[in-house]
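A.B. asks: Structure of the sequence below:
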Amino acid sequence: MHLMDAEELAVAMLGLDEETADSDIIEQAITDKFEISMEQFQLVAEALMPFTIPAQAVISGEAFHGFVKDGAFICKQRVAHSKK
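C.D. replies: Modelled structure (predicted):
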């Protein structure tokens, strides 16, 4: 997950104004709400992503885990296929 994706997730999760929330505002909001840094938030979000319900991309047919807002991925990662 890129830092920009983590910031976009934080904006959506905290209900911040997308137009006015810059990195400093986002970081302060994360610290105020959870008492963690933006980097820690990003690590937690990355760790939780595999627990989201996979969705299939319409065009490619690939499956992705990710966080969704208004029917679109905020951030996503390809579903890892385990070898048996």
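
A.B. asks: Identify each buried residue in the helix or strand containing Q77, please.
C.D. replies: Q77 belongs to strand 72-78 when elements are defined using DSSP states H and E. Under the neighbour-count criterion of 16 or more other C-beta atoms under 10 Å, strand 72-78 has 73-76 buried. Glycine gets a C-beta too; all of them are placed from N, C-alpha and C.

A.B. asks: Let me see the ranges of the strands in this structure.
C.D. replies: 55-56, 63-69, 72-78 (DSSP state E).

A.B. asks: Could you point out which of the ones you listed sits nearest I26?
C.D. replies: Among the strands of the chain, strand 72-78 comes nearest to I26, with 13.2 Å by C-beta to C-beta.

A.B. asks: count of neighbours near the nearest residue in space to I25 that is not next to it in sequence?
C.D. replies: In space, and not counting its chain neighbours, I25 is closest to L16: 6.8 Å by C-beta to C-beta, 6 or more residues apart in numbering. Counted with other C-beta atoms under 10 Å, the neighbours of L16 add up to 16.

A.B. asks: about what we covered before: any idea how far the strand holding Q77 is from the chain center?
C.D. replies: Averaging C-alpha positions (C-alpha atoms, centre = their mean, to the nearest Å) puts strand 72-78 7 Å from its chain's average.

A.B. asks: Touching, A21 and M13? I think so.
C.D. replies: No: counting by C-beta atoms under 8 Å, A21 does not reach M13; the two are 11.6 Å apart.

A.B. asks: picking up where we left off before, ok, so what distance separates the residue nearest to I25 from P54?
C.D. replies: Computed with C-beta to C-beta, to the nearest Å, the distance linking L16 and P54 is 28 Å.

A.B. asks: Also E19?
C.D. replies: 31 Å.

A.B. asks: Please say which of the two ends up with more neighbours.
C.D. replies: Taking other C-beta under 10 Å, E19 and P54 do not tie; P54 has more neighbours (13 against 5).

A.B. asks: For the residue nearest to the more buried one when sequence neighbours are not counted, list each beta-bridge partner.
C.D. replies: In space, and not counting its chain neighbours, P54 is closest to A63: 4.5 Å by C-beta to C-beta, 6+ apart. Applying DSSP bridges to A63 yields these beta-bridge partners: Q56.
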